[in-house]
Structure formats: C-alpha cells, structure tokens
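Undergrad: Requesting a structural model of the entry that follows:
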Amino acid sequence: MQPTDPIETSDPARLPRAPVLSVLLLAYNHEDYLAAAIDSVLQQVPGMSLELLIGEDGSRDRSLEIAQRYQRAHPQRIRLIASTHNVGAFRNHRRLVRAARGRWIAHLDGDDYWLPGKLERQMRHLHQHPDCVAVYANARVIDRTGREIGLFNDLGTRDLDLATLLRHGNCLNTSSMVVRREVLEELVADGSSFIDYRIHLHAATHGPLHQIGEPLCVYRHQSATSMVHTANDHVRELYFDAITAIPADRVDPADLARGLADFLRRVVLRALRLRRPGLLRQWWPRVRAHAPVDATELLGLTAVACLRAGCGMLTEHARRLLDHRAPRILYRR
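TA: All right, here's what the predicted structure looks like:
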C-alpha cells in the first residue's frame, strides 16, 4: 500500500445499504471549523437515508482526530476516508465520488456549514421536478473569524441553464450543491483536475439546474485553504478549461462567445488590480483561438462585459453608501 492510498474507517453493517444521498465533506487543516460542518449535516432531516463521507486529506492539525471522534459516535451515518499524506483537493474529491453510493451527491467544504432545513428543501424540489439535474441554494458569507459579510449571489430563486451560467460566470455556491451522482462520476473518470465551475457547466449540459434564493448554508470567504486565495493563476487556467471543455454540440456559439468574453472581463479586472498587463498579452490570443466569433466581435463583447461589471460595482457601492446595513453581494449577476 502506498502512503497516499485512502484508508476507510466505517461500519458497513450499520450504514444504510442503499442511501438516497451521499454527502461529501472535504477536510484539510479545518480543525477550527470541522465540528460545525459535521454537526450541520447530522442535524438535517433525521430520517433521511444518507451517508456522510469525510475525506480527511492528511491534515497537519487535529482534523483527523475530530473526524475519527465523530465517526465513532455516528457509525450509522459516517464513513471516514483518510490518507496519511496530503493528496490535494482534487484527488480527495475524486476518491469520495468513487466511494459514494447515493443516487444524489451533496458537497460541503470543511470550513463551511449548512443551515437547518437545507436538504429537506432541496430534496423536495428534486422530487417535484424529476428532470432537474442539480439544485443549489444561496449562502450567507462570513470571513475567517465568523464575521458576517453578506450574501453569495443575487440570482434569487430561479431555474438555470448553460447559457445563464456562461453569461454570469461562476456564481453558484458549491457547498450548497446537490447533484446527480453520474454527473460527478463522468467528470472524475479521466483523472484530470477541475474547479467547481466545471461541475456546474457539466451539470447544465445534462438538463436544468435550480437555485433556492434563500441562504441555506454559510460560506467562509477567502479561508486559508481556498485555491482562489492561494493559487489564483492555477484557478484561472482551470476556469478557462471549464468553458472550453463544453462539447460543441451542447452549447450555442453565441453563448460560448459571451462566456469567453466574461472570462476576458475577469482577466482585464485582475490585470488592472494587480498592475499585470502581461495577463492580457497571455490570455487574449488563447481566448481568441477558441472564440466562435472574430476578434472585433470578441473585443466588443468583452467591453460590454467590463462595462456591465463596472456599473454593477458602482451600483453596489452606492447602495451600501445609502444603507450601511445592506448586505454585500459577493457574486452579482
């Protein structure tokens, strides 16, 4: 056995034989938050047939000890899948997906947590709308200390499709997601890395998605283990991969062009913020090569996207000046 091979601690005789839902909880150096995350799952619908898979990824703190304590206390619900060495978020996620037995998979990062009634609301929607591929919820946003920042997005309660996700970018909260298991199984099959945006886009190629506008989970913004915070350039590569990986027969060229323009808009803003004009020189030819429109139209779409984002930021700033109690919106449509 290699040091990175996962080791499962569970009691198969006490676990549900055919759970409806598998909850994948990814933990790495989350000792300050992990108990709250686990408790928030266990406090959902008591009678629901679910299994909680805790992927403990060789943490250097007490995360493993906390996960072991919960597994011993709740063997009828918890499976602990751990490794002695850190394998990274993607491999940790992939092995949990492969181990999951539920028809549906819910995701939760170890520094986030759910609010009461979340799963009940989502499973009710899925039961009432059998064509729905995934259901999300809005989230309250807090900082590392637990201070309230605002809301994750302003999409409200609505159905979502691929065109909407390309126009608005990565605006869904992954810790709120409940998705068909086969969607994730397809993504992890080839072993390549991806970010959460690719999950959302891939799910949308299979059918409609839905978001519940009410915040039903709590998202910790820019935690110490966040990839966006610690590896922004790598995340940008994976973000571009998410857009360009959509099969050509599943996406309208006009929607793809708008999605690529929105990506360029993010590059422009990042380059301005960090004073890195090289980002534009790096990304313009790559995006242009994949765009189903000519350079002039792509430039125009990008300008419109930048203008819309600028107007949104000004509106947000004015709104908060007029009302200091108004919540900040992390991802504004």
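Undergrad: okay, CA-based contacts and neighbour counts for the rest of this
TA: OK.
Undergrad: Direction included, what does the one helix or strand Val135 maps to pair up with?
TA: Taking DSSP states H and E as the criterion, Val135 maps to strand 134-142. Strand 134-142 sits in its sheet next to strand 148-153 (antiparallel), strand 178-180 (antiparallel), strand 209-220 (parallel), going by DSSP bridges.
Undergrad: Kindly export it (C-alpha atoms) in CSV.
TA: Provided in CSV are the C-alpha atoms of strand 134-142 (Å, rounded to 0.1, in the frame of the first residue of the first chain):
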residue,chain,number,x,y,z
ALA,A,134,-28.8,19.8,-9.6
VAL,A,135,-30.2,22.1,-7.0
TYR,A,136,-28.3,24.9,-5.2
ALA,A,137,-29.1,27.4,-2.5
ASN,A,138,-27.8,30.9,-1.8
ALA,A,139,-25.4,31.3,1.1
ARG,A,140,-24.6,33.7,3.9
VAL,A,141,-20.9,34.8,3.5
ILE,A,142,-18.7,35.2,6.5
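Undergrad: picking up where we left off before, which among the strands paired with strand 134-142 is found nearest to Asp11?
TA: Closest approach to Asp11 among these is made by strand 178-180 (24.8 Å; C-alpha to C-alpha).
Undergrad: All the strands of the stretch 1-150 of the chain, residue numbers only.
TA: With DSSP state E, counting those that start in this stretch as the criterion, the stretch 1-150 of the chain has strands at 7-9, 21-27, 50-57, 78-83, 104-109, 113-114, 134-142, 148-153.
Undergrad: Could you check the first one and say which residues are buried?
TA: Read that as strand 7-9. Within strand 7-9, the residues that qualify as buried are Thr9, counting by 16 or more other C-alpha atoms under 10 Å.
Undergrad: And the fifth one, by the same measure?
TA: Judged by neighbour count (16+ other C-alpha under 10 Å), strand 104-109 contains these buried residues: Trp104, Ile105, Ala106, His107, Leu108, Asp109.
Undergrad: So, low pLDDT: which residues of this protein?
TA: 1-4, 223-230 (pLDDT under 70).
Undergrad: need the longest helix for it.
TA: Criterion DSSP state H: the longest helix present in the chain is helix 295-322.
Undergrad: Which elements pack onto the helix or strand just after that one?
TA: Downstream of helix 295-322, the first helix or strand assigned by DSSP H and E is strand 328-331. In this structure, strand 328-331 packs against strand 148-153, helix 295-322, with contacts taken as 3 or more C-alpha pairs under 8 Å, 6 or more residues apart in numbering; DSSP states H and E.
Undergrad: what residues does strand 328-331 touch?
TA: With C-alpha atoms under 8 Å, 6 or more residues apart in numbering as the test, strand 328-331 has contacts from Val141, Ile149, Gly150, Leu151, Phe152, Asn153, Asp154, Cys171, Glu316, Arg320.
Undergrad: So in that sheet, which strands flank that strand, and in what orientation?
TA: Here strand 328-331 has these sheet partners by DSSP bridges: strand 148-153 (parallel).
Undergrad: Could you pull out the buried residues of stretch 118-132?
TA: So, applying 16+ other C-alpha under 10 Å, buried residues of stretch 118-132: Lys118, Leu119, Gln122, Met123, His125, Leu126, Cys132.
Undergrad: do stretch 65-72 as well
TA: Applying a neighbour-count criterion of 16+ other C-alpha under 10 Å, one finds Ile66, Ala67, Gln68, Tyr70, Gln71 buried in stretch 65-72.
Undergrad: Could you do stretch 187-201 as well?
TA: For stretch 187-201, a neighbour-count test (16+ other C-alpha under 10 Å) marks Leu187, Val188, Phe194, Ile195, Asp196, Tyr197, Arg198, Ile199, His200, Leu201 as buried.
Undergrad: go on, stretch 313-330?
TA: Here stretch 313-330 shows Glu316, Pro327, Arg328, Ile329, Leu330 as buried, counting by 16+ other C-alpha under 10 Å.
Undergrad: between those, which is closest to Val268?
TA: Distances from Val268 to those, taken as C-alpha to C-alpha, are shortest for Leu330 (18.5 Å).
Undergrad: Pull up the gap between that closest one and Met48, please.
TA: In this view, Leu330 and Met48 are 32 Å apart by C-alpha to C-alpha, to the nearest Å.
Undergrad: Let me have the buried residues of strand 104-109 in JSON lines, extended by distance to Ala289.
TA: What follows is those, written out as JSON lines (distance: C-alpha to C-alpha, whole Å):
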{"residue": "Trp104", "distance to Ala289": "37"}
{"residue": "Ile105", "distance to Ala289": "36"}
{"residue": "Ala106", "distance to Ala289": "36"}
{"residue": "His107", "distance to Ala289": "34"}
{"residue": "Leu108", "distance to Ala289": "36"}
{"residue": "Asp109", "distance to Ala289": "35"}
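Undergrad: contacts for stretch 131-146?
TA: By C-alpha under 8 Å, 6+ apart, the list of residues contacting stretch 131-146 from outside reads 122, 125-126, 148-153, 156, 172-174, 176-180, 203-204, 206-223, 330.
Undergrad: Could you rerun that using 6 Å?
TA: Stretch 131-146 has contacts (C-alpha atoms under 6 Å, 6 or more residues apart in numbering) with 148-152, 176-180, 207-221, 223.
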